[in-house]
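Student: Coordinates only, no sequence provided:
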């Protein structure tokens with residue numbers, strides 16, 4: 001199905017296989033086998049490039065590649081943020097409804113404020129978030145597709161713009177063209193969605209990594225005070 005969509009869209013654009021390979025960065029021979037159904041879909045970055053070049057919906061390609069609907073909905077919301085699209089249509093998907101987003105929902109206590117910038121303690125870990133509420137307890141929702149997983153602390157991200165957590169990979173499971181990593185940070189578990197690029201060595205259970213949570217991506221809401 002994925003290869004058929006690519007072949008038909010390429011024909012509509014009057015692009016040769018070599019032209020599409022050159023524009024997308026996907027190797028010509030691999031692209032030919034993908035179109036004929038003898039190779040699986042490429043990594044997420046390549047799928048995004050193909051979608052943009054061929055004028056296809058990213059979600060449509062991801063579903064054709066075998067990615068579950070809930071994960072596609074997470075990524076669709078992330079794409080709206082990435083492209084700067086304002087607002088969502090009434091009744092449209094919101095990330096808090098997804099299973100992985102629900103697992104990345106945590107209640108914590110505010111231990112420090114600097115204007116709207118808050119340090120929130122969650123099960124022994126301190127997460128940075130933005131909140132304009134004066135509530136002493138906040139609920140944090142960390143979209144799993146915004147969690148970056150690297151071997152070392154990224155040098156290009158300022159400390160005020162993110163939370164860096166030393167973590168251990170406890171689970172790694174493929175989800176279509178993506179990899180769901182479950183990261184253990186002391187008593188806290190955080191889910192991350194990363195591109196499952198077959199050309200790179202992926203983190204495996206037991207690996208020590210750094211989880212980067214972008215401050216602006218963490219959604220917050222006041223928790224109800226206990227009576």
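Tutor: Thanks, I have the structure now. Small disclaimer: the values here were computed from a predicted structure and weren't measured.

Student: What residue spans form the domains of this structure?
Tutor: 2-66, 103-222 (automatic domain parsing).

Student: Can you name the residues that contact the nearest residue to residue 166 once chain neighbours are set aside?
Tutor: With C-beta to C-beta, 6 or more residues apart in numbering as the criterion, residue 166 has its nearest non-adjacent residue at 6.4 Å, and that residue is residue 210. The C-beta positions use only the backbone N, C-alpha and C, and glycine is treated the same way. Residue 210 makes contacts with 149-154, 164-167, as judged by C-beta atoms under 8 Å, 6 or more residues apart in numbering.

Student: will you turn these into a markdown table that also has distance to residue 18 and neighbour count?
Tutor: A markdown table is the format used below for these (distance: C-beta to C-beta, whole Å; neighbours: other C-beta atoms under 10 Å):
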| residue | distance to residue 18 | neighbour count |
| --- | --- | --- |
| 149 | 35 | 20 |
| 150 | 34 | 14 |
| 151 | 36 | 10 |
| 152 | 38 | 8 |
| 153 | 41 | 13 |
| 154 | 36 | 12 |
| 164 | 43 | 17 |
| 165 | 44 | 20 |
| 166 | 46 | 13 |
| 167 | 43 | 25 |
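
Student: can these go into CSV with extra columns for distance to residue 188 and pLDDT?
Tutor: Converted to CSV, the contacts of residue 210 look like this (distance: C-beta to C-beta, whole Å; pLDDT from 0 to 100):
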residue, distance to residue 188, pLDDT
149, 15, 91
150, 18, 90
151, 20, 88
152, 20, 88
153, 18, 88
154, 20, 82
164, 14, 94
165, 8, 95
166, 12, 95
167, 9, 96
